[in-house]
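*Asks:* sequence isn't available, so here's the structure alone:
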């Protein structure tokens, strides 16, 4: 079974609108972390936001927020007031267990912001 | 701090040749990861070092692949007898293992094309 599932291969959003990128995960480990990374055309993976499995509050970082629904095993990324520079690939990733463990990535969603 | 540096950025080689990629992590980071990313996919874990010790290797890392981190600083990833299926982006990441998230910091990758 896939550990990270991103069901939206591509999305087109009007500039200044909010967008939600879906991510569901599968793990039996009670301790895990969820990450979102942005990958522009340059190729570098840029860390956006993190949610720990024991965190009570949904994570927020500027225009990024993570809609964490533990019972549904979903960790959707919400980008508010989208900008042209948000056009990129977005990857959801999970780390199971301790802080030093590897990340497992989903297949990504290509977001295109339309002016 | 210059971030994670990878060289070369692009490599074109003929099938059967050997190639080597280098990764210089962020200087204070003791953990270093190699990932492989093929077109349309998320990064796949290859191997992980803590200081000079290689702690985990993926099944994806066949016996043609070898990674080293001899002094716990930079790392090399060598692919012997390259095959066309090795064509991919090879991403290096590092982390300090500290802080609340333990996020990985990625380089811009080394793109390999095997003809």
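*Replies:* Looks like it arrived, so ask away. Fair warning: this is a prediction, and the values are worked out from it, not measured in the lab.

*Asks:* A strand includes residue B:82, no?
*Replies:* No: if the criterion is DSSP: H, G, I helix; E, B strand; the rest coil, then residue B:82 is coil and not within a strand.

*Asks:* all strands of chain B, in order?
*Replies:* B:5-7, B:10-13, B:19-24, B:31-37, B:44-50, B:53-57, B:65-68, B:75-79, B:88-95, B:105-106, B:110-114 (DSSP state E).

*Asks:* any idea which of these gets closest to residue A:43?
*Replies:* strand B:88-95 (6.4 Å; CB to CB). Bear in mind the C-beta positions are built from the backbone N, C-alpha and C, glycine included.

*Asks:* and for residue B:65, nearest residue in space, chain neighbours not counted?
*Replies:* In space, and not counting its chain neighbours, residue B:65 is closest to residue B:79: 5.6 Å by CB to CB, 6 or more residues apart in numbering or on different chains.

*Asks:* what's the weakest-modelled helix or strand in chain B?
*Replies:* The helix or strand of chain B with the poorest confidence is strand B:53-57; it has a mean of 90 (mean pLDDT, DSSP states H and E).

*Asks:* just checking: what are the partner strands of that one?
*Replies:* When pairing is defined by DSSP bridges, strand B:53-57 lines up against strand B:44-50 (antiparallel).

*Asks:* what's near enough to touch the residue in chain A that chain B sits nearest to?
*Replies:* Residue nearest to chain B within chain A: residue A:105 (3.3 Å; CB to the nearest CB). By CB atoms under 8 Å, 6 or more residues apart in numbering or on different chains, the residues touching residue A:105 are A:4, A:37, A:91-93, B:42-44.

*Asks:* just residue B:67 next, same as before
*Replies:* B:34, B:46-47, B:49, B:54, B:61, B:75-78.

*Asks:* please apply the same query to residue B:109.
*Replies:* Taking CB under 8 Å, 6+ apart, one finds A:43-44, B:6, B:9, B:37, B:89-92 in contact with residue B:109.

*Asks:* give me the buried entries from those residues.
*Replies:* Buried subset of those (neighbour count, 16 or more other CB atoms under 10 Å in any protein chain shown): A:43-44, B:6, B:37, B:89-92.

*Asks:* excluding chain neighbours, what is closest to the residue in chain B positioned nearest to chain A?
*Replies:* In chain B, the residue found nearest to chain A is residue B:42; the distance is 3.3 Å by CB to the nearest CB. Nearest residue to residue B:42, sequence neighbours excluded (CB to CB, 6+ apart): residue A:105, at 3.3 Å.

*Asks:* first-to-last residue distance for stretch B:103-113?
*Replies:* For stretch B:103-113, the separation between the terminal residues is 29 Å (CA to CA, to the nearest Å).
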